[in-house]
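Participant: Below are the sequence and a predicted model for it; my questions follow.
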Amino acid sequence: MSQQNVRLEVMQFLEKNIDTFVENYLIPVEQIWQPTDLLPNSEKETFLEEVTELRELAKDLPYDFWVVLVGDTITEEALPTYESWLMDVEGVDQKTTHGDNGWAKWLRQWTGEENRHGDLLNKYLYLSGRVNMREVEMTTHHLINDGFDPGTDRDPYKNFVFTSFQELATYISHNRVAQLAKKYGDKKLSKICKIIAGDEMRHHLAYSEFVDRIFKVDPSQMMLAFEYMMRKKITMPANLIRESGESIGTAFEKFSESAQRIGVYTAMDYVDILEKLNQKWEIDKITNLTDEAEKARDYLLKLPARMTRIAERMAVPSEEKIFKWVTPALVK
């Protein structure tokens, strides 16, 4: 049987438990938070006072912080690209002869939860008065237009490695921004970012559970898919980000430097995520592997130490890059 057919069978096997995954890792619409819960309420007479307070607190947040918050927002708002990519994964069908495909149901509901993140952050940025919203909107527009290719093809194994990794990375980023906002005295923004981080952690736990279950039924091919993604290196969702009038991907490196400068997401975080995935999936204990998969396992277990040595030698420029997103609106 071909690898593609085996993957399809595994996806169908996992699909039998899709309702359990939804119940365990997603929250019903009526019970989960909505952006309005965390922003000034426009229906109340105190709305303008709340907005004034939000804007005053925003004045004390440093430049790199705003760059990172904008970049995180744009990344979240490119959600249509991520959903369309995952809907094309082998084993995911929006409609079948028997009705809705379980995987499509999962992805739609996952998308529904993720969609709130961009909505909330975008409204906060708009109310803050600290960023050039038209430039932010153009960057988001470009990022969706330019597409997204994490190098996974339609392979569910590779895609679930990618989503397991990325959901944990976004948890780290939003959680660190929450910590910084609290440090600078903006408790409301801290709460916004912390609650988004909580969603990302739940989603990470779900996708990593998918991988864990695949390891139990198709260990060698899952190991090879994991190795493939780590050799290729995980592509950040915003790697094609650009400012207006610029070419594809030109803003990503400087955005990443801002994140590293303030400790929101660093090269060492990338290594830590890999180590966490190795531990979570118990890579060192998996049995019944082919010779090729054994070599892949050895590579994955040695990789964190190699990447740590590289990360320790990396130097991050100290000079801030001035983005169109945060200028001239930031000038007092």
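Facilitator: Right, received. Where do you want to start? Keep in mind the model is a prediction, meaning the values are calculated, not measured.

Participant: in the stretch 51-200 of the chain, which segments are predicted with low confidence?
Facilitator: The stretch 51-200 of the chain contains residues with pLDDT under 70 at 99.

Participant: Now do the helices in it.
Facilitator: 63-77, 79-86, 102-128, 133-146, 156-183, 187-217 (DSSP state H, counting those that start in this stretch).

Participant: can you put those helices in TSV and add mean neighbour count?
Facilitator: Placement of C-beta: from N, CA and C, glycine included. Formatted as TSV, the helices of the stretch 51-200 of the chain follow (neighbours: other Cβ atoms under 10 Å):
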stretch	mean neighbour count
helix 63-77	24
helix 79-86	17
helix 102-128	19
helix 133-146	18
helix 156-183	22
helix 187-217	19
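
Participant: Just tell me which of these ends up closest to Glu275.
Facilitator: Nearest to Glu275 among these is helix 156-183 (11.1 Å), distances taken as Cβ to Cβ.

Participant: What is the closest one packed up against?
Facilitator: Helix 156-183 makes packing contacts with helix 3-15, helix 63-77, helix 187-217, helix 219-232, helix 267-280 when contacts are defined by 3 or more Cβ pairs under 8 Å, 6 or more residues apart in numbering; DSSP states H and E.

Participant: sorry, back to before: so can I have a markdown table of the helices of the stretch 51-200 of the chain showing distance to Tyr25?
Facilitator: As requested, these are arranged in a markdown table below (distance: least, Cβ to Cβ, whole Å):
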| stretch | distance to Tyr25 |
| --- | --- |
| helix 63-77 | 19 |
| helix 79-86 | 15 |
| helix 102-128 | 9 |
| helix 133-146 | 26 |
| helix 156-183 | 11 |
| helix 187-217 | 4 |
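
Participant: what about those, which gets the closest to Leu224?
Facilitator: So among the helices of the stretch 51-200 of the chain, helix 156-183 is nearest, using Cβ to Cβ, at 8.3 Å.

Participant: Next, the angle from that closest one to helix 267-280.
Facilitator: Angle of helix 156-183 versus helix 267-280, following axes from the mean of the first three to the mean of the last three Cα atoms, to 10 degrees, is 130 degrees.

Participant: Return the distance of helix 156-183 from the chain's centre.
Facilitator: 5 Å (Cα atoms, centre = their mean, to the nearest Å).

Participant: before we move on, what about stretch 295-305?
Facilitator: 24 Å.

Participant: go on, stretch 88-108?
Facilitator: For stretch 88-108 - counting by Cα atoms, centre = their mean - the centre lies 22 Å from the chain centre.

Participant: and it, C-alpha only, in CSV?
Facilitator: Taking Å, rounded to 0.1, in the frame of the first residue of the first chain, the C-alpha atoms of stretch 88-108 are listed here in CSV:
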residue,chain,number,x,y,z
ASP,A,88,-6.5,20.9,1.4
VAL,A,89,-4.6,18.4,3.5
GLU,A,90,-5.0,14.7,2.5
GLY,A,91,-7.9,13.2,4.5
VAL,A,92,-9.8,16.6,5.0
ASP,A,93,-13.0,16.9,2.9
GLN,A,94,-15.5,19.6,3.4
LYS,A,95,-18.3,17.4,2.1
THR,A,96,-18.6,13.7,1.7
THR,A,97,-21.5,11.4,0.5
HIS,A,98,-22.2,10.8,4.2
GLY,A,99,-22.3,14.5,5.2
ASP,A,100,-19.7,16.7,6.8
ASN,A,101,-16.1,15.3,7.1
GLY,A,102,-15.0,15.3,10.7
TRP,A,103,-11.7,16.9,10.0
ALA,A,104,-13.4,19.8,8.2
LYS,A,105,-15.6,20.2,11.2
TRP,A,106,-12.5,20.4,13.5
LEU,A,107,-10.8,22.9,11.2
ARG,A,108,-13.8,25.2,10.9
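
Participant: ok, back up a step: out of the helices and strands packed on helix 156-183, which gets nearest to Phe252?
Facilitator: That would be helix 63-77 among the helices and strands packed on helix 156-183, by Cβ to Cβ, at 8.7 Å.
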